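A.B. asks: Starting from these lines, generate the structure:
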Amino acid sequence: MNVVVVESPAKAKTINKYLGPGYKVLASFGHVRDLPAKDGSVQPDNDFAMSWEVDSASAKRINDIADAVKKSDALFLATDPDREGEAISWHVLDLLRRKKAIGDKPVKRVVFNAITKKAVLDAMADPREIDADLVDAYLARRALDYLVGFNLSPVLWRKLPGARSAGRVQSVALRLVCARENEIERFVAEEYWNISALLKTPRNDVFEAKLVSADGKRLTARAVANGDHAQDLKSVLEGAAYRVESVEAKPVKRNPGPPFTTSTLQQAASSRLGFDASRTMRVAQKLYEGFDIGGEVTGLITYMRTDGVQIAPEAINAARRAIGHVFGDNYLPEKPRFYSTKAKNAQEAHEAIRPTDFTRTPDSVRQYLDADQLRLYDLIWKRAIASQMASADIERTTAEISAANGARAAGLRAVGSVVKFDGFLAAYTDQREEKEDNNDAEEDGRLPEIRTHEALAREKINATQHFTEPPPRYSEASLIKKMEELGIGRPSTYASTLATLRDRGYVTIDKRKLIPDAKGRLVTAFLENFFARYVEYDFTASLEEKLDSISAGDLNWKDVLRDFWDQFFAAIEDTKELRVSDVLDALNEALAPLAFPKREDGGDPRACPSCGTGRLSLKLGRASGAFIGCSNYPECRYTRPFGAEAANGEAAAIGENVALGKDPMTGEEITLRSGRFGPYVQRGDGKEAKRASLPKGWAPSSIDHEKALALLSLPRDVGPHPETGKMISSGIGRYGPFLLHDGKYANLESVEDVFSIGLNRAVAVIADKAAKGPGARGSRAAPAALKELGDHPDGGKVTVRDGRYGPYVNWDKVNATLPRGKDPQSVTMEEALALIAERAARSPAKAKKAPARKSAAADGAEKKIAKPKAAAKAKSAAKPKAAAKARKAG
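C.D. replies: I've put the predicted structure just below:
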């Protein structure tokens, strides 16, 4: 019996069916170990030694694999055909050797680009050794990412409170997004005019021609810069006679593009299907792993993490056969098409993304796929088959027209095109993936018959005013395209990099566009000022090229790490003497347009609107992060948030406190104010004043006396619950609008609901929340029990569970983490009781919620702790008594 190791259980099940009873296919569930998130996991002073950690779930899976390997004849490592897949195989083999499970058994590495029976059997017949160069490249990449993250992030935490993290690739990607936002803010719109004429042929056909020259001078794209010039040219054309000088029709061939790579698939799926990068890869993974079609599970596409554009010769032949069958022989080019990658070293998987079987058209597999899967498969199938189809034949017609008005003359041009033979366009419309780049759309369309030297009649002259527009914000698709152009990141990292930027709160997505958050711009400005080298595009790209050279066997991975670390460590050391005032000075200058927007009255944007004499500056708070404050603090306590609210003028507009009226019950003044956490309303003055922050979406300019009173009245009593008689109240908390009843919360859909919800609906919302069970606001279910240990002496089950931070024991509301390395299956009741007692002692709040009676184990543990305390107390109390007794005796 032979053991085969793959990543996923779905893949394992499919391949086991292909190989038959002589093989046992087991899943590693991805990476089996990683660098622990703590200092010292990579040791530059110890020749970059790396300390790996296996989590509890992976430890169990490795034990299962080791047990199977000990009883087997051979081990086949069949993880994915890229650098990550090679690394997983290396990790699995290293752990098995440490467990002495291999012995003298043969170990082979097999790779296949598609999960089909033929591809798997062919790979098993042609095994190889683990590629040491690919593993070295993985180790270098992992070490670099760790060294940057665990050395640069603490600098951010110390010098820039509120910052989350920095990363080798993520920080450069964030810089791209922030740089584009800077371009947009600096952009100054310019006026220009387009002038065109609607002309009629002698056959009464009307077409449009655009002005391209005037008075002997060629007009560039924005040469007509104002209305006076436009009206002058319009008047010339309105009185002119028109004549066709030439008509030229040129045949143009349009060739298809190559099949998808990872990045081009993500771009096309974004622009055509509206998928983000993570969603695209999630669906593609399922298409790769396959479906049960005709009684056999088979993958529908080849491996989806690749920067290669070529496809295998047998796949080209299959595509050509499918083209002849589906479209006809006239859509088949004379020779196959071959593509070459632009990447210097296409080191991921070598083949482009394509269908595993071109005869499986999207319609033929429709019944097996969900909507997302079908749409993505349709895109991949059409792009791949189009790459081997004939060129499209297009006739492009250009008519040059003269306009004469006395001594003045002008030239106009009409352009049109018509598809004579659609070729590959019959399968895949070769549109620009990013619509903002499509400047040729205006030239689409067919011209009527136009003859040389014939006169034309003027129908209408149009002069339209335009203004230049700023560059568009990046979408996920266009950012991936830009990163690929610059050589930043690799196919397997694009989706995770974008996800990290979102998760850290550095960017937000609005209408599929990436908008940098104030926090993200702050981090970028800091890095550009104090770690400029490490967010340079060229530096990051050159580092990627070195990693590619390691995978090709041309560079030693530790030499690359040494070169990087020496300079990086020096840069980190230099920041130790960096004062916060130096940081603030640099950030004030770099972020001036965002932090200190221009004032409508033309005044100094950094002058304090409250005291008039202070200077506004960025301030850094441990809890609040960055905000704008006055230099005259504490005499002047003016503050406002840093970021979008300040930039759009809302917060700045508050300036001094705005009086909204008096509270009818107390007679106290109600004011609208601005603080470091944003705008808020306040009733009265002093420490006892009632305050309420403005909810998200409520602009300061919209706050009136009525709204302020409503906010200050929260929490609002909705009414007593009909079953319990206890009051239901509504309010706004840090997680949004809520209902509160009997100590339990339920989310409300909107802020408006807080003020309008009635008792009947409130009871329904609370009942719905109760039906979903206890838990956090997201109602996340508790992890399933791995093992039940029995009943606690005070009642209630004691269980072992596997949570997001590792395995733990649970009783009532007490959760106690298991010691590192402890097998969850080996935990005894005695051990669990001791852990629970220790955890309850450290967390009085949870201890109060648990039943009052102590277990025997907890009671014994407390007595052991109490003895030295009691002895010390007795000894301390005895001293003054003994002294008093001695004095009395004397």
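A.B. asks: And stretch 323-332, how far out from the chain middle?
C.D. replies: On the basis of CA atoms, centre = their mean, to the nearest Å, stretch 323-332 sits 41 Å off its chain's mean C-alpha point.
A.B. asks: List the neighbours of it that are in contact with it.
C.D. replies: R320, T359, T361, I385, Q388, M389, A390, F421, G423, F424, A426, A427 (CB atoms under 8 Å, 6 or more residues apart in numbering). From N, CA and C alone the C-beta is placed, and that goes for glycine too.
A.B. asks: likewise stretch 498-508?
C.D. replies: 164-165, 167, 170, 173-174, 177, 276-278, 476, 479-480, 509, 514-517, 519-520, 523.
A.B. asks: What count of nearby residues applies to the closest residue to E245 other than its chain neighbours?
C.D. replies: Nearest residue to E245 in three dimensions, chain neighbours excluded: E400, at 4.6 Å (CB to CB, 6 or more residues apart in numbering). When neighbours are counted by other CB atoms under 10 Å, E400 registers 17.
A.B. asks: quick one: average pLDDT of the helix or strand hosting E400?
C.D. replies: If you go by DSSP states H and E, E400 is part of strand 392-405. On average, the pLDDT along strand 392-405 is 95.
A.B. asks: Can you give the strand pairings for it, parallel or anti for each?
C.D. replies: strand 241-254 (antiparallel), strand 408-421 (antiparallel) (DSSP bridges).
A.B. asks: Most tightly packed of those strands?
C.D. replies: strand 408-421 (a mean of 18; mean count of other CB atoms under 10 Å).
A.B. asks: How far does that strand sit from its chain's centre?
C.D. replies: Using CA atoms, centre = their mean, the offset of strand 408-421 from its chain centre is 44 Å.
A.B. asks: again, but for stretch 39-53
C.D. replies: 29 Å.
A.B. asks: sorry, back to before: of the contacts of stretch 323-332, buried ones?
C.D. replies: R320, T361, I385, Q388, M389, A390, G423, F424, A426, A427 (16 or more other CB atoms under 10 Å).
A.B. asks: OK, contacts around the last one?
C.D. replies: A427 makes contact with F327, K382, I385, A386, M389, according to CB under 8 Å, 6+ apart.
A.B. asks: Format these as a markdown table; extra columns: distance to H91, secondary structure and pLDDT.
C.D. replies: Below are the contacts of A427 laid out as a markdown table (distance: CB to CB, whole Å; DSSP: H, G, I helix; E, B strand; the rest coil; pLDDT from 0 to 100):
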| residue | distance to H91 | secondary structure | pLDDT |
| --- | --- | --- | --- |
| F327 | 47 | coil | 95 |
| K382 | 38 | helix | 96 |
| I385 | 38 | helix | 97 |
| A386 | 40 | helix | 96 |
| M389 | 43 | coil | 96 |
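A.B. asks: nearest to D812, of these?
C.D. replies: K382 (57.4 Å; CB to CB).
A.B. asks: Nearest residue to the closest one in space, please, no chain neighbours.
C.D. replies: Y428 is the one closest to K382 (CB to CB, 6+ apart), at 4.4 Å.
A.B. asks: how much space between that neighbour and A59?
C.D. replies: Look at Y428 and A59: by CB to CB, to the nearest Å, they are 47 Å apart.
A.B. asks: related to what we said a few turns ago, could you save the strands paired with strand 392-405 as JSON lines and add columns showing mean pLDDT?
C.D. replies: Converted to JSON lines, those look like this (pLDDT from 0 to 100):
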{"stretch": "strand 241-254", "mean pLDDT": "95"}
{"stretch": "strand 408-421", "mean pLDDT": "94"}
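A.B. asks: Out of these, flag the one nearest Y808.
C.D. replies: Of all the strands paired with strand 392-405, strand 241-254 sits nearest to Y808, with 61.2 Å by CB to CB.
A.B. asks: Centre of the chain to the helix or strand following the closest one, how far?
C.D. replies: With elements assigned by DSSP H and E, the helix or strand that comes after strand 241-254 is helix 262-268. Mean-position distance between helix 262-268 and its chain equals 15 Å (CA atoms, centre = their mean).
A.B. asks: can you list contacts of helix 262-268?
C.D. replies: With CB under 8 Å, 6+ apart, helix 262-268 has contacts from 257, 260, 275, 277, 280-281, 284, 304-307, 348, 353, 379-380, 383, 433-434, 476-478, 480-481, 483-484, 491-492, 494-495.
A.B. asks: picking up where we left off before, what's the closest of the contacts of stretch 323-332 to E668?
C.D. replies: Using CB to CB, the contacts of stretch 323-332 come closest to E668 at A427, 72.7 Å.
A.B. asks: Give me the distance between the closest one and S387.
C.D. replies: The value you get for A427 to S387, if CB to CB is used, is 9 Å.
A.B. asks: In whichever strand or helix holds S58, which residues are buried?
C.D. replies: Element membership for S58, per DSSP H and E: helix 56-70. By neighbour count with 16+ other CB under 10 Å, helix 56-70 contains the buried residues S56, S58, A59, K60, R61, I62, I65, A66, A68, V69.
A.B. asks: so how far is Y745 from the third one?
C.D. replies: Right, the one you point to is A59. For A59, the distance to Y745 - CB to CB - is 38 Å.
A.B. asks: And the helices in the stretch 601-750 of the chain?
C.D. replies: Assigned by DSSP state H, counting those that start in this stretch, the stretch 601-750 of the chain shows helices spanning 644-647, 650-654, 705-712.
A.B. asks: helices or strands up against the longest one?
C.D. replies: Looking back up the chat, that one is helix 705-712. strand 658-662, strand 669-675, strand 678-683, strand 690-693 (3 or more CB pairs under 8 Å, 6 or more residues apart in numbering; DSSP states H and E).
A.B. asks: That one vs strand 678-683, what angle?
C.D. replies: 90 degrees (axes from the mean of the first three to the mean of the last three CA atoms, to 10 degrees).
A.B. asks: can I get the CA coordinates of helix 705-712 in CSV?
C.D. replies: C-alpha atoms of helix 705-712 as CSV (Å, rounded to 0.1, in the frame of the first residue of the first chain):
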residue,chain,number,x,y,z
HIS,A,705,-32.3,71.0,18.4
GLU,A,706,-34.8,68.1,18.0
LYS,A,707,-32.1,65.6,16.9
ALA,A,708,-29.8,66.6,19.7
LEU,A,709,-32.5,66.1,22.3
ALA,A,710,-33.2,62.7,20.8
LEU,A,711,-29.5,61.7,21.1
LEU,A,712,-29.2,63.0,24.6
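A.B. asks: How about residues contacting that helix?
C.D. replies: With CB under 8 Å, 6+ apart, helix 705-712 has contacts from 660-661, 663, 670, 672, 681, 683, 690, 692, 694-695, 698, 755.
A.B. asks: Using CSV, lay out those together with distance to D566, pLDDT and neighbour count.
C.D. replies: Below are the contacts of helix 705-712 laid out as CSV (distance: CB to CB, whole Å; pLDDT from 0 to 100; neighbours: other CB atoms under 10 Å):
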residue, distance to D566, pLDDT, neighbour count
L660, 61, 86, 20
G661, 65, 86, 13
D663, 65, 88, 18
I670, 61, 91, 22
L672, 55, 87, 20
V681, 55, 90, 24
R683, 60, 92, 23
K690, 58, 90, 16
A692, 54, 89, 17
L694, 50, 87, 23
P695, 51, 84, 15
W698, 52, 78, 14
F755, 61, 89, 16
